[in-house]
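Student: this one's structure only:
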């Protein structure tokens with residue numbers, strides 16, 4: 001199983017936002033420099049909304065942009 005380092009921070013400098021509440025997030029996901037931290041498997045980011053059980057899933061398949 002891959003090991004991931006996850007950093008989240010609230011940012012107002014990107015054009016991507018949640019239309020429901022106007023917040024903008026900049027999420028950075030990077031593999032660590034540790035044994036077993038390879039990314040041979042598919043990687044996804046699943047965002048759950050506060051209200052209800054809705055979510056969005058993003059495939060992280062392009063190293064240059066996601």
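Tutor: Looks like it arrived, so ask away. Quantities reported herein were computed from a predicted structural model and do not represent experimental measurements.

Student: Flag the shaky bits of this protein, pLDDT-wise.
Tutor: Scanning the chain for pLDDT under 70 picks out 1-23, 31-33, 36-40, 52, 63-66.

Student: my guess is residue 55 meets residue 44, correct?
Tutor: No. If you go by C-beta atoms under 8 Å, residue 55 and residue 44 don't touch, sitting 11.0 Å apart. C-beta: built from backbone N, CA, C; applies to glycine.

Student: Contacts only, for residue 46.
Tutor: Residues near residue 46 by C-beta atoms under 8 Å, 6 or more residues apart in numbering: 55-58.

Student: By neighbour count, which of the residues you listed wins?
Tutor: residue 58 (12 neighbours; other C-beta atoms under 10 Å).

Student: What's the separation between it and residue 47?
Tutor: Separation of residue 58 from residue 47 (C-beta to C-beta, to the nearest Å): 7 Å.

Student: One more: residue 30?
Tutor: Using C-beta to C-beta, residue 30 is found at 18 Å from residue 47.

Student: same deal with residue 55?
Tutor: Applying C-beta to C-beta to residue 55 and residue 47 gives a distance of 6 Å.

Student: Contacts only, for residue 60.
Tutor: Residue 60 makes contact with 29, 43-45, 66, according to C-beta under 8 Å, 6+ apart.

Student: With respect to residue 35, which of those residues is nearest?
Tutor: Of all the contacts of residue 60, residue 35 sits closest to residue 43, with 18.0 Å by C-beta to C-beta.

Student: The residue nearest to that closest one when sequence neighbours are not counted and residue 51, how far apart?
Tutor: Using C-beta to C-beta, 6 or more residues apart in numbering and skipping the chain neighbours, the partner closest in space to residue 43 is residue 60 (4.2 Å). Per C-beta to C-beta, residue 60 is found 25 Å from residue 51.

Student: Residue 27 now?
Tutor: According to C-beta to C-beta, residue 27 stands 20 Å off from residue 51.

Student: So those two - more neighbours on which side?
Tutor: Under the neighbour definition other C-beta under 10 Å, residue 27 and residue 51 were set side by side, and residue 27 has more, 13 against 7.
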